[in-house]
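>>> Pasted the sequence and its predicted model underneath.
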Amino acid sequence: MRTFLFLLLLSSAHFFSQKLLTPENSGIDSKRIKDETSETVWYAENAGSRIEVGNIITETRKLNKTDLLIRTTVKLKQAPDAAWTDSTIVKASDFLPVYHSSFNMMRDMVLKSDRDKVTGYYLDKKSGKKDVIDTQVKNYFDSSSYPMLIRFLPLKEGYTADISIFDYNPKSEKKGMMKAYILEVKKSDYKGKPTWVVKTTDDISNKMTTTTYYIDVQTRKALKQDMDMNGRKMSLELIQ
């Protein structure tokens with residue numbers, strides 16, 4: 001009997017184990033990916049009031065038959081002339097990472113991805129310190145692309161998954177290979193549109209931050225994002 005119970009526990013653990021998504025098995029519907037440009041307003045909550053931080057313009061464009069560009073440009077309300085642009089290139093069929101760069105007033109970063117290696121650099125503009133990146137990796141998404149990836153997953157109520165990601169921040173306790181987590185998916189309604197409500201977290205924040213995406217069921221556009229950073233709340237709302 002004890003042996004039977006042990007085998008039952010093992011089989012139950014396997015049955016309930018979380019699926020780990022990688023470019024090899026993500027199941028994304030790449031036919032839904034379209035060239036688009038969208039703009040969101042970035043809000044922060046302070047003492048019960050919403051403060052407009054700035055606007056974020058996101059461009060998604062197929063560069064050729066295989067490569068997809070995701071470019072975000074941030075316009076801060078308090079620093080309208082400050083440059084802040086992130087560019088990510090992935091394979092459109094499976095979001096296999098190719099390239100990521102991020103240039104803003106605080107730091108410059110460039111990552112070039114291979115199937116088993118990430119190379120590049122991270123320059124802290126305040127200290128002038130430059131880290132050279134050369135890390136062995138396998139079966140991962142770039143952390144900058146997984147919020148876009150979520151839009152094209154086979155979402156349904158009750159869907160959950162772990163996502164294998166790579167993230168580099170020398171100031172963080174964790175860097176390199178880690179996970180993001182889809183905690184919950186519910187079907188709801190947002191401004192009259194059927195919507196997938198997808199709650200996520202990740203190891204980048206030590207699971208202290210949750211981001212909830214409101215995704216149009218038909219178009220798969222992200223209509224809104226709510227972020228709770230250990231009590232500090234922010235949101236992004238689509239305006240076009």
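Perfect, thanks for sending it.

>>> Could you use CA atoms for every contact and neighbour count after this?
Noted.

>>> ok, residues contacting stretch 191-198?
155-156, 182-189, 212-218 (CA atoms under 8 Å, 6 or more residues apart in numbering).

>>> What is the neighbour count of A82?
Close neighbours of A82, defined as other CA atoms under 10 Å, add up to 13.

>>> cool, and F103?
Neighbour tally, F103, other CA under 10 Å: 16.

>>> follow-up on the earlier one: in strands, which of the contacts of stretch 191-198 appear?
182-189, 212-216 (DSSP state E).

>>> coming back round to it: which of the contacts of stretch 191-198 are buried?
155, 182-188, 212-217 (16 or more other CA atoms under 10 Å).

>>> which stretches of the chain form helices?
Using DSSP state H, the helices of the chain run over residues 2-16, 146-151.

>>> Lowest average pLDDT across these?
Note on these: helix 2-16 shows the lowest mean pLDDT, a mean of 38.

>>> correct me, but T22 touches Y146?
No - with contact defined as CA atoms under 8 Å, T22 does not reach Y146; the gap is 10.5 Å.

>>> Which of those two has more residues huddled nearby?
Taking other CA under 10 Å, T22 and Y146 do not tie; T22 has more neighbours (19 against 15).

>>> Quick one: low-confidence residue ranges for the protein.
For the chain, the stretches with pLDDT under 70 are 1-18, 240.

>>> again, 80 this time
1-19, 115, 173, 240 (pLDDT under 80).

>>> what about K31, how many residues close to it?
9.

>>> and what of M177?
20.

>>> In TSV: the ones in strands among the contacts of stretch 191-198, plus distance to R115.
Output for the ones in strands among the contacts of stretch 191-198, formatted as TSV (distance: CA to CA, whole Å):
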residue	distance to R115
I182	24
L183	27
E184	30
V185	30
K186	34
K187	35
S188	38
D189	39
T212	30
Y213	29
Y214	31
I215	30
D216	32
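
>>> what does stretch 32-41 rub up against?
Surrounding stretch 32-41, the residues in contact under the criterion CA under 8 Å, 6+ apart are 52-62, 92, 152, 219-220, 236-240.

>>> Revised request: answer the last question for stretch 60-80.
Stretch 60-80 has contacts (CA under 8 Å, 6+ apart) with 34-37, 52-59, 81-93, 145.

>>> how does it look with 6 Å?
With contact meaning CA atoms under 6 Å, 6 or more residues apart in numbering, stretch 60-80 is reached by 35-36, 53-59, 84-92.

>>> That one: which residues count as buried?
Here stretch 60-80 shows 60-62, 67-76 as buried, counting by 16+ other CA under 10 Å.

>>> I figured L238 was touching K221, is that so?
No - the criterion here is CA atoms under 6 Å, and L238 misses it with K221 at 9.0 Å.

>>> Need the nearest residue in space to D203, chain neighbours excluded.
Nearest-residue entry for D203: K179, 5.7 Å, with adjacent residues in sequence omitted and distances by CA to CA, 6 or more residues apart in numbering.

>>> again but with L20, I slipped
D162 (4.7 Å).

>>> Might you report the residue contacts of that neighbour?
By CA under 6 Å, 6+ apart, the neighbours of D162 are 19-20, 180-181.
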